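> what follows is a predicted structure for the sequence shown.
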Amino acid sequence: MDTARGLDDRPDTDHDDTGVTDSAHDAHRLSIGSDERRMHVRAYNHWVSLLQGRAYPSIEDLDPGNIADFGPHSVLLDFSQGVENPAIRYLGGSLREECGVTSDITHVGEVPSRSLLSRLTDHYLQIIANRAPIGFEAEFVGQRGHNTLYRGILMPFSSDEDTIDFIYGVINWKELVDAETQARLEREVEEARRTAPTPLAAAPVWADGPSGGFEPAASATDHALDTVDLAAPVSLADRLLIARETAAAARAADTRSRASLYRALSRAYDFARASERHAEDYAELLADAGITVQARAPMTAAAKLVFGADYDKTRLTEFAAVMSHARRHDIAKAGLDAFISAADGGIKGIVKAERALRKPAPQPDLFDQVRAELRVRPPIAHVSLAAGAQEFVLLLARAGADGELDIVARIEDDDALAQRALRKAAA
């Protein structure tokens, strides 16, 4: 499934993502990879050549319609009117044909949901967050039922050399089998699953390749898993196997199948709760998979064990957030799928709620505290002088001959000096 990553060898900058040197361009073109035949590498090198010392290439320098090499495999997104539903300014002929787009589409919201183009546009928000090119490669079953491998890259462009308001994507793909072969393989795999004995120990992590799973979301295998008594005394490895089988079914049916995905998340959550009672077994499973637990996101490790460490990182983060939210609310075993279905906004809504709970409380404003303290402090003198509109006023005084203070000036329109004085007075 999808794996997205920032390019580690992106152009070096003088400071964080705001400048680039010409020498960095040359060094980078050598380090990106030796296989210059790859389309996404050539597209990236073209992006680098357009930088010309800027943080991002100018959109004025990009003409995808005249790029014979990868232009037909590309799309240009325009964020100048907002990021919620960016406009499509260019869609290459090859990509249009592969996705079955017969009429003009003007916005991302009109992209067919199971098309290759949707796989490319799914990653555009990562560009906004990372402020750098994002490469990705994955496999999925497309609209015509063909298992398809694809590799691509999304690259930021700017109209003012600072704001990312355009993203240019290039994607290449390969269909592995035709529909007839796919159907035959599905029948063979389903027959093998139906006749295979129930495993007594955890199987190796299932492969993420083109034959990683074929059954639909509501397959006989999935229904068989629903009959497993999770309250029975089974090992943690057995629970992981059950969760992985459900996750594999969800992945084969595509994560847009809500019922299958919710069921897989429920099994992953049940496994995570069981791991709390079998800490040693859990640690052994993590060690075998090469996965470490992060204190700030403990559910991520369980999600990786179930869905695969190479699964899309954004989705894994969301799955872990859902599982953490369920743990926070002490959702019962086998109850997470119903909880997600009833939640406002489904997975996205739960993720938003969990992140809001994790967000630290806002710190009180320092100067509000200072002003509150000075308001109740008793005065040391009273001067017959018009106060003006400001609550606190800076006065300059000199020592008089009688040993008292003579006010000689009133200092106004200097907020920085006033704030330093307030801070000093409250210290």
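Sure thing, it's come through. Numbering: from 1, shown residues only.
> what is the burial count for residue 52?
A count of nearby residues for residue 52, using other Cβ atoms under 10 Å, gives 12. Placement of C-beta: from N, CA and C, glycine included.
> and it, helix, strand or coil?
coil (DSSP: H, G, I helix; E, B strand; the rest coil).
> which ones are touching it?
Residue 52 makes contacts with residue 61, as judged by Cβ atoms under 8 Å, 6 or more residues apart in numbering.
> which pLDDT value belongs to the residue nearest to residue 93 when sequence neighbours are not counted?
Among residues not flanking residue 93 along the chain, residue 72 sits closest, at 4.7 Å (Cβ to Cβ, 6 or more residues apart in numbering). On pLDDT, residue 72 comes in at 91.
> all numbers from here: first residue = 50
Let's use 50 as the start, then, which means that last one is residue 121.
> so how far is residue 99 from residue 121?
Taking Cβ to Cβ, to the nearest Å as the measure, residue 121 falls 19 Å from residue 99.
> again, but for residue 184
Counting by Cβ to Cβ, the gap from residue 184 to residue 99 is 17 Å.
> so between those two, which is more surrounded?
residue 184 (21 against 17).
> so what's the more buried one closest to, chain neighbours aside?
Once flanking residues are discounted, residue 184 sits nearest to residue 202: 4.8 Å by Cβ to Cβ, 6+ apart.
> can you tell me how far that neighbour is from residue 102?
Residue 202 is 22 Å from residue 102, by Cβ to Cβ.
> looking at these two, which is more packed in?
residue 202 (27 against 12).
> contacts for the helix or strand hosting residue 444 next, please.
Here residue 444 sits within strand 443-448, counting by DSSP states H and E. With Cβ under 8 Å, 6+ apart as the test, strand 443-448 has contacts from 432, 434, 454-461, 463, 466-467, 470.
> quickly name whichever of those is closest to residue 422.
Closest approach to residue 422 among the contacts of strand 443-448 (Cβ to Cβ): residue 470, at 13.6 Å.
> ramachandran angles for the closest one?
Main-chain torsions, residue 470, degrees, to the nearest 10: phi -70, psi -40.
> which intervals of the stretch 300-449 of the chain have sub-threshold pLDDT?
For the stretch 300-449 of the chain, the stretches flagged by pLDDT under 70 are 300-306, 410-416.
> all helices for it, in order.
Here the stretch 300-449 of the chain has its helices, by DSSP state H, counting those that start in this stretch, at 307-326, 328-338, 348-356, 362-377, 385-391, 395-407, 415-425.
> buried residues in the longest one?
By neighbour count with 16 or more other Cβ atoms under 10 Å, helix 307-326 contains the buried residues 309-324.
> restrict it to CA atoms and write it as CSV.
The C-alpha trace of helix 307-326 is given here as CSV (Å, rounded to 0.1, in the frame of the first residue of the first chain):
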residue,chain,number,x,y,z
ARG,A,307,-15.4,1.5,5.8
ALA,A,308,-16.8,-1.7,7.3
SER,A,309,-13.6,-3.7,6.5
LEU,A,310,-11.4,-0.9,7.8
TYR,A,311,-13.4,-0.4,11.0
ARG,A,312,-13.3,-4.2,11.7
ALA,A,313,-9.5,-4.2,11.2
LEU,A,314,-9.0,-1.3,13.6
SER,A,315,-11.2,-3.1,16.1
ARG,A,316,-9.0,-6.2,15.9
ALA,A,317,-5.9,-4.1,16.2
TYR,A,318,-7.2,-2.4,19.3
ASP,A,319,-8.2,-5.7,20.9
PHE,A,320,-4.6,-6.9,20.2
ALA,A,321,-3.2,-3.7,21.8
ARG,A,322,-5.3,-4.2,24.9
ALA,A,323,-4.3,-7.8,25.2
SER,A,324,-0.6,-6.8,24.9
GLU,A,325,-1.0,-4.9,28.2
ARG,A,326,-1.5,-8.2,30.0
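> what angle do that helix and helix 348-356 make?
Here helix 307-326 runs at an angle of 120 degrees relative to helix 348-356 (axes from the mean of the first three to the mean of the last three Cα atoms, to 10 degrees).
> tilt between helix 307-326 and helix 362-377?
Calculated by the same axes, to 10 degrees, helix 307-326 forms an angle of 60 degrees with helix 362-377.
> which helices and strands does helix 307-326 pack with?
helix 269-275, helix 285-301, helix 348-356, helix 362-377, helix 385-391, helix 395-407 (3 or more Cβ pairs under 8 Å, 6 or more residues apart in numbering; DSSP states H and E).
> looking at those helices, which is closest to residue 94?
Here helix 362-377 is closest among those (Cβ to Cβ), at 25.4 Å.
> so residue 158: helix, strand or coil?
helix.
> contact partners for it?
Here residue 158 is in contact with residue 134 (Cβ under 8 Å, 6+ apart).
> ok, and which of the helices of the stretch 300-449 of the chain has the densest surroundings?
With neighbours defined as mean count of other Cβ atoms under 10 Å, the helices of the stretch 300-449 of the chain peak in mean count at helix 348-356, which reaches a mean of 25.
> just checking, what packs against it?
Counting contacts by 3+ Cβ pairs under 8 Å, 6+ apart, helix 348-356 is packed against helix 285-301, helix 307-326, helix 328-338, helix 362-377.
> okay, these in a markdown table with distance to residue 94 next?
Below are those laid out as a markdown table (distance: least, Cβ to Cβ, whole Å):
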| stretch | distance to residue 94 |
| --- | --- |
| helix 285-301 | 33 |
| helix 307-326 | 38 |
| helix 328-338 | 36 |
| helix 362-377 | 25 |
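> output stretch 132-148 as CSV, nothing but the C-alphas.
This file holds the C-alpha atoms of stretch 132-148, laid out as CSV (Å, rounded to 0.1, in the frame of the first residue of the first chain):
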residue,chain,number,x,y,z
VAL,A,132,-6.1,23.9,0.3
GLU,A,133,-9.4,22.2,0.9
ASN,A,134,-10.2,21.6,-2.8
PRO,A,135,-7.3,22.7,-5.0
ALA,A,136,-7.9,23.4,-8.7
ILE,A,137,-6.4,21.2,-11.4
ARG,A,138,-4.5,23.4,-13.8
TYR,A,139,-3.0,20.7,-16.0
LEU,A,140,-3.7,17.0,-16.4
GLY,A,141,-1.4,15.0,-18.7
GLY,A,142,-2.9,12.9,-21.5
SER,A,143,-1.5,9.5,-20.3
LEU,A,144,-2.7,10.1,-16.8
ARG,A,145,-6.1,11.2,-18.0
GLU,A,146,-6.5,8.1,-20.1
GLU,A,147,-5.4,5.7,-17.3
CYS,A,148,-7.9,7.3,-14.9
